[in-house]
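Trainee: sequence? don't have it. structure:
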C-alpha cells in the first residue's frame, strides 16, 4: 500500500497546494509546516513552470513569482529533503511534463524517491501519454496520480482501473481557480470511479469556502484546495504561513 | 506519415489535460469521417476556389532570377489569397468541419494576426461567434490586423501573461477551450498542438504543394530542385513540402527566425537552438533552459516568434529529409525590401525569411536549376514596423 493512503485514514482528507519558491523556499517551508500542523493530510508541492497551461490567474501568478525568485528543480529537491526531516504527511509533486522530461524522467523520479516524494501529478499528461513517465514512477515507488474531468465520461473506467494513489476528480471545466458554484454532477462521477477502483477520490478545482468543501467531502473522500491558499501568499507574501494555518484549520474542521 | 497515436517518429502525441481528451478524440473522429465525404470536399473546394481565390499563382520571378544569376526562381503567391496569407486554407477547412460538428463558436490564437483575421473571416462567412487571443505585444506591433479582426466581428483578447506573444496567446486559447468545449472549436493556426491538429492543419495546407507540383510540371515539365518556406510553427512550410516529401530529389528548406542571431538569447530558431521537450500538447523541439522552462524567444516577425516547431518538421529534421536554416531580422528586412524593389511584391516579414535564404542560395545553384519560394503572406501589415526598424517614425 502506498504512503498516500495514510492521507485518507484521518476522516475526510484535506489536501492543499503550494508552489515551491513562492515567493521563496523559506516561506514555502513555513507554509507547509503551518498546513501540516493545522490538519492538512497531504500537500501538493508545485514545481513552477514558465507556461502553466492548466492554471488560472492565481496559480499562474505563483509560478511567475517563484521563477522570478530564481528557484530551480535541483533546489526544490534539496528543499524537500530538508523538509522531510520534520514533515511526515504524504507529499506529492505537481508540475508539467516538460519539467520532468527535461530533467530526465529516470533522474527525476529517482530523486523523488530519495527525498521522500510519494506521488506525481502532471496535468498535461493524460492516460494516452502516461507510459512516458509511468515506468519510472513504478521503478522508484512514486504514484502517478490520474485526473478525471467532467468531460471524461466513457473514459472513467479505463482511467480508474489503472490509477494509483488517489483519483483527482476535477470539479469543473476550465483551469484552476476559485468558483462561486460547482455545477458538475460529481456524485455520479465518483460513483463511476468507485465501480472500477477501491482508491480514494479527492475533488479539486474551484473549492475555496468551508461550505463548498463540506459539500464536496460528502461526495468524495477528500477535497483539494489550491488557489484559495495560493491567494493568501499573493496577499500576504512572507507573512502568509500563519494565515494559511488558520485557513487549513477551518477547512479541515468543516469537512470533519 | 502519421501513425495511429498521432506520432511523427518520436514527435507529436497528445500532452493535454484530461478535460480536453474527449474533445480531441471527437475532432479526430469527425475529421476522419468528413475528409472522405464527397460533399464536404466539394464544399471546401468551392470555398477555396470561389471565396479564397485558389489556386494561387506560381509566378516566375524573372528579375530576381536574373539579378541573383543562379537558379530559376518561382514564387508561390499565397499572399494573393483572400485575407492575404496561406492561413485561410486551413481556417476554411477547420471552420467547415466545426460547423459540421455542430459547433457555433470558433476560438483561435494569433501571432502576426493573419490566422486571427482568417478565422474572423471564416466565422463571419459561416455565422459563427469568434474570439481571438493575441499577445498584447503583438496587438501593438500588428495593430492593423487587430482592427481587421474587430471589423469582421471578432472579439480580440490581448494576452498579457508571459512574453505577451504567440506562445502566450496559444496558452490562453487552450485555457479557454478547457472552459468551454461543448459549443466551441479551437481553430488552431499551425501544424502544432496535440494530435490531430498537426495532421489536420497539414492536410488543409497541403493544397499549396499539390498546386506547386501541377503548376511547375505544366510550366517546366519537371519538379523543382528546391522548395523554400518560412517556419514558425510551420504550417505554410509543411503545406509547401508535403507533396514533395516522397520526391527525394527535391530539397526542402525551412527558414527559421534567428532574431538577432542564433548565438544570442534573442532568437526564435527552434531547430538551431532548441532541444526535445513537451509543450502545448506535443513532443517536439523547443527553445528552453536546462530545467525545461520555455524560453522567452524573440523575432521581428510576430508570426515566427514562437519557441517550438510542429512535430512533423521535427521529424523531417531528424530524418534529414528537410533542412532548416536560421535567418536573422536584418537578413529578413533586407529581403523584404529587396523583393519589393525587384519584383514589386511586398512579402510578409515572415515570408521574407524564405526570400532571404533564397538570396543566399540561388547564386550557388546552376541556371538550369529551379527553386520555388512560398510567399506565405503579404507585407502590408508589416510596413509600419519595418519603417520603424529603419528609423522612420511611421505609425498606423
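Mentor: Now that the structure is in, tell me what you want to look at. The structure presented is a predicted model; accordingly, all values stated were derived computationally and were not measured. Numbering: from 1, shown residues only, chains lettered A, B, ... in the order given.
Trainee: contacts, neighbours, all on C-alpha from now
Mentor: Noted.
Trainee: can you map out the strands along the stretch 101-250 of chain A?
Mentor: For the stretch 101-250 of chain A, the strands defined by DSSP state E, counting those that start in this stretch occupy A:119-121, A:143-144, A:146-148, A:167-170, A:201-204, A:222-225.
Trainee: got phi/psi on the closest residue to residue B:7 other than its chain neighbours?
Mentor: Of all residues not flanking residue B:7 in the chain, residue B:13 sits nearest, at 5.6 Å (CA to CA, 6 or more residues apart in numbering or on different chains). The phi and psi values for residue B:13, taken as degrees, to the nearest 10, are phi 90, psi -170.
Trainee: ok, now how distant is residue B:13 from residue B:374?
Mentor: Separation of residue B:13 from residue B:374 (CA to CA, to the nearest Å): 28 Å.
Trainee: which of the two has more residues huddled nearby?
Mentor: Neighbours were counted for residue B:13 and for residue B:374 using other CA atoms under 10 Å in any protein chain shown; residue B:374 has more, 30 against 24.
Trainee: what helix or strand is that one on?
Mentor: Per DSSP states H and E, residue B:374 falls inside strand B:370-375.
Trainee: and the helix or strand following that strand, how far from the chain's centre?
Mentor: Counting by DSSP H and E, the next helix or strand C-terminal to strand B:370-375 is helix B:383-389. Centre-to-centre, helix B:383-389 and its host chain are 22 Å apart (CA atoms, centre = their mean, to the nearest Å).
Trainee: just the helices in the stretch 201-350 of chain B please.
Mentor: Applying DSSP state H, counting those that start in this stretch to the stretch 201-350 of chain B gives helices spanning B:207-220, B:235-241, B:270-273, B:311-318, B:329-343, B:349-361.
Trainee: out of these, which gets nearest to residue B:91?
Mentor: Nearest of those to residue B:91, taken as CA to CA: helix B:235-241 at 11.6 Å.
Trainee: by contact count, what packs against the closest one?
Mentor: When contacts are defined as 3 or more CA pairs under 8 Å, 6 or more residues apart in numbering or on different chains; DSSP states H and E, helix B:235-241 packs onto helix B:197-205, helix B:207-220, strand B:226-231, strand B:370-375.
Trainee: between these, which one is nearest to residue A:76?
Mentor: Checking the helices and strands packed on helix B:235-241 against residue A:76 by CA to CA gives helix B:197-205 as the closest, at 35.2 Å.
Trainee: nearest to chain B: which residue in the stretch 101-250 of chain A?
Mentor: Per CA to the nearest CA, the residue of the stretch 101-250 of chain A with the smallest distance to chain B is residue A:174, at 3.6 Å.
Trainee: quick one: pLDDT of that residue?
Mentor: Reading off the confidence values, residue A:174 has pLDDT 91.
Trainee: need the contact list for it.
Mentor: A:54, B:19, B:175-180 (CA atoms under 8 Å, 6 or more residues apart in numbering or on different chains).
Trainee: backbone dihedrals for it, please?
Mentor: Main-chain torsions, residue A:174, degrees, to the nearest 10: phi 90, psi -170.
Trainee: go on, the one 3 residues further on?
Mentor: In this entry, residue A:177 is assigned phi and psi values of phi 150, psi 160 (degrees, to the nearest 10).
Trainee: in the chain, where is pLDDT below threshold?
Mentor: Answering for chain A, as no chain was given. A:1 (pLDDT under 70).
Trainee: oops, I was thinking of chain B
Mentor: Checking chain B against pLDDT under 70 turns up B:1-5, B:395-396.
Trainee: make it 80
Mentor: Scanning chain B for pLDDT under 80 picks out B:1-5, B:394-396.
Trainee: return the residues of it in contact with chain A.
Mentor: Proximity of chain B to chain A (CA under 8 Å from any CA of the partner chain) is limited to residues B:13-22, B:162, B:168, B:171-172, B:174-180, B:276-279, B:281, B:290-294.
Trainee: just the contacts of residue A:174: which are in helices?
Mentor: B:19, B:175-179 (DSSP state H).
Trainee: redo the residues you listed as a markdown table? Include neighbour count.
Mentor: Putting the ones in helices among the contacts of residue A:174 into a markdown table (neighbours: other CA atoms under 10 Å in any protein chain shown) gives the following:
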| residue | neighbour count |
| --- | --- |
| B:19 | 27 |
| B:175 | 22 |
| B:176 | 20 |
| B:177 | 24 |
| B:178 | 24 |
| B:179 | 16 |
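Trainee: what does stretch B:268-277 rub up against?
Mentor: A:98, A:101-102, B:256-259, B:262, B:283-288, B:292, B:297-299, B:304-309, B:314, B:324-326.
Trainee: who's in contact with residue 103?
Mentor: Defaulting to chain A. So residue A:103 contacts B:290-292 (CA under 8 Å, 6+ apart).
Trainee: other chain: chain B
Mentor: So residue B:103 contacts B:182-185 (CA under 8 Å, 6+ apart).
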